[in-house]
Each structure stands twice: as structure tokens, then as C-alpha cells.
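Asks: Give me a 3D structure for the following:
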Amino acid sequence: MKKVLFCSVIAAGLTAFITGAQAHFQLIYTPETMLEKGGKLTLKMPFTHPAESGHVMDMGIPEEFYSIRKGKKTDLMDKLKIIEWTSNENTGKAYEAEVKLRGLGDNVFVLKPTPFYEASEDIYIQQITKSYVNVGDLPTDWSEVQGLKAEIRPLTKPYNVIAGGTFTGVVLSEGKPVPFAEIEIEYINFPADIENNKFADVGMISSPSHAIRSDASGTFTFGVPKAGFWGIAALGAGPDTEHEGKELSQDAVIWIQARDVD
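Replies: Numbers count the residues shown, from 1 in each chain. The predicted structure is shown next:
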């Protein structure tokens, strides 16, 4: 009986996946987030709809871009380079950066883009985004709060999530938990071709998006069904609600990489 009940719960979770209009997601993408040693690393940063290889938004100059390793912040604004990113719908202005990783430990990359005006909704969107790259399997910074206006604090290693397991995080606004935050989750369903700055033509799964809410303590848990990259966005989590006289959705975004068990 317990086994039947468990299978029913898993099935219910999987049927909660939704299709249709997918969400905006700011990416900080590199194909592998656990490296044996340091060296040069290229990060791609389009603002797009990764679940459906949908519209790529033209990005403005980011407000901030930096990394944190062992608690030390390194400004990376001078590493940013304008590129064009192509989806199955269009080509838009994006950014890339080539950085050099030195030593062992976690590297937390933080991008604070300039607010983007979404004409169809008549609002501005600012997705404060975090991505993690580990060197040498030495955990250092992954569980720490970075002190952002809006962020998701991971309670599960974001670069080593087990496919078929779960990821847990806490939505924070200026360091304080956000109860019942609206959360959108999307899979990079069309593999990213970093050599040609584009998504692949064909997707991998049929239901690549999901929607949940945090609980009263700001905590949420997501059942991760497939290996690959998942973006998690807590909508309107930040304290800033207006930009240039219009509504602003200041979102917290975190990227995780799920892996199959060998």
C-alpha cells in the first residue's frame, strides 16, 4: 500500500507540469558546472524563453555582474561582451563573458540586468540572477546568502542535484523570507549551442515548465524529473516595485544543474 501511495504522489507531481505560454528567464549559462580544475570559462547570458526556444529580448547594459568565491566579490563588468542570441523565433541582443577560475571551491555568478520593458504587459522586469560553478568538488559558498535585493538561497547544492530527486530553496527579499512567493520553473528544453550562440532546433521533453509557491517560511521544494538545467524564478520577490513610472517585477532567479546517477 505504501508503494502504491508513493507512486501516486510522484505521478501527481509530474502531471502538475504545465505547457502553453512560457516565462521570461535571464540565463547565465555554461554547459558544465562541476569542473575538475580551474581555467577559462565562457558564460552566455541571453534573456529569453528557454522552455520553448521562444522570443529573445534585447538586453540593455547590465547594472552589475560579478562573482563571489570564498566570500570575496570580484567585479566582472569589464568582461561583458555584446553578442546576438538566436532562438527558434528570433535573434536578440545578449551578453557573454570569458572569465578565469582560480583555485578550488564554488564560484557564484550574479547578474543584475537593467529593467526590461515588456510592452505586452506594460511592466518592467528585472531578474536578479545567480548561477554556480564548482571547481575540484570543494563546497565553499553554495549555501550562503549573497545579500541581493531578491534571491533564492539554495538548501540543495545547485550544481549537483540528482535527477528524480528534489531541490529546496528559500525565497528572500533583502534577506527576509518571502511567504507564498509565486515561482516559475523552466527547463532549458532546446540545448544551447554556445559555439553559435543559439538554441537547438528540436526540444527534448514535452512539458518543460512548472509553477509552484513557497510556503509561509519562504521555503519551496521542487521535484526534479530530468537531468539538465532548470531555471527557478521567484516573481516580484524584490522590494522595488516601480521603474520609470511603471510597475516593476523584481524577480529572483537561480539556475541548477541536475544529473543522472551513474
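
Asks: If I look at Ala23, what pLDDT would I see?
Replies: Listed pLDDT for Ala23 reads 88.

Asks: what's the neighbour count on it?
Replies: By the criterion of other C-beta atoms under 10 Å, Ala23 has 20 neighbours. The way it works is simple: take the backbone N, C-alpha and C, and place the C-beta from them, glycine included.

Asks: contacting residues around it?
Replies: His49, Ala51, Glu184, Glu186, Ser209, Ala233 (C-beta atoms under 8 Å, 6 or more residues apart in numbering).

Asks: Now with 7 Å, please.
Replies: Residues near Ala23 by C-beta atoms under 7 Å, 6 or more residues apart in numbering: His49, Glu184, Glu186, Ser209, Ala233.

Asks: That one and Leu35: what is the separation?
Replies: 29 Å (C-beta to C-beta, to the nearest Å).

Asks: Repeat that for Ala51.
Replies: Separation of Ala51 from Leu35 (C-beta to C-beta): 27 Å.

Asks: so the nearest residue to Lys157 once chain neighbours are set aside, which of the three states?
Replies: Setting aside the residues directly before and after it, Lys157 is nearest to Trp142 in space (C-beta to C-beta, 6 or more residues apart in numbering), at 5.5 Å. Following DSSP: H, G, I helix; E, B strand; the rest coil, Trp142 is assigned to coil.

Asks: do you know how far Trp142 is from Ala94?
Replies: According to C-beta to C-beta, Trp142 stands 26 Å off from Ala94.

Asks: Looking at those two, which is more packed in?
Replies: Between Trp142 and Ala94, counting by other C-beta under 10 Å, Ala94 is the more crowded of the two (23 against 19).

Asks: Hmm, Ile83 and that one touching each other?
Replies: Yes. Assessed by C-beta atoms under 7 Å, Ala94 is found in contact with Ile83 at 5.3 Å.

Asks: hang on, the earlier thing: between Ala51 and Leu35, who's got more neighbours?
Replies: Ala51 (26 against 18).

Asks: tell me the contacts of that one?
Replies: Gln22, Glu186, Tyr187, Asn189, Pro208, Ser209.

Asks: ok so, going back, please tell me how far the residue nearest to Lys157 sits from Ile185.
Replies: Look at Trp142 and Ile185: by C-beta to C-beta, they are 19 Å apart.

Asks: now Ile68
Replies: Taken as C-beta to C-beta, the span from Ile68 to Ile185 is 24 Å.

Asks: These two: who's more crowded?
Replies: Ile185 (23 against 20).

Asks: Return the distance of the helix or strand that one falls within from the chain's centre.
Replies: Element membership for Ile185, per DSSP states H and E: strand 182-187. In terms of C-alpha atoms, centre = their mean, to the nearest Å, the gap separating the centre of strand 182-187 from the centre of its chain is 9 Å.

Asks: Ok, stretch 41-57 next?
Replies: 11 Å.

Asks: how about it: buried residues?
Replies: Of all the residues in stretch 41-57, those buried under the rule 16 or more other C-beta atoms under 10 Å are 41, 43-57.

Asks: Sort out for me which of those residues are in strands.
Replies: Leu41, Leu43, Lys44, Met45, Phe47, Thr48 (DSSP state E).

Asks: Quick check: nearest residue in space to Gly136, chain neighbours excluded?
Replies: Closest residue to Gly136 apart from its sequence neighbours, by C-beta to C-beta, 6+ apart: Leu104 at 3.7 Å.

Asks: and the one you found, how many residues sit next to it?
Replies: Leu104 has 17 neighbouring residues, counting by other C-beta under 10 Å.

Asks: give me the number of residues near Met77?
Replies: With other C-beta under 10 Å as criterion, Met77 counts 12.

Asks: For it, report the pLDDT, please.
Replies: For Met77, the predicted pLDDT is 98.

Asks: who touches it in this structure?
Replies: Taking C-beta under 7 Å, 6+ apart as the test, what Met77 contacts is Phe65.

Asks: Roughly how far does it sit from Val110?
Replies: Between Met77 and Val110 the distance is 11 Å, computed by C-beta to C-beta.
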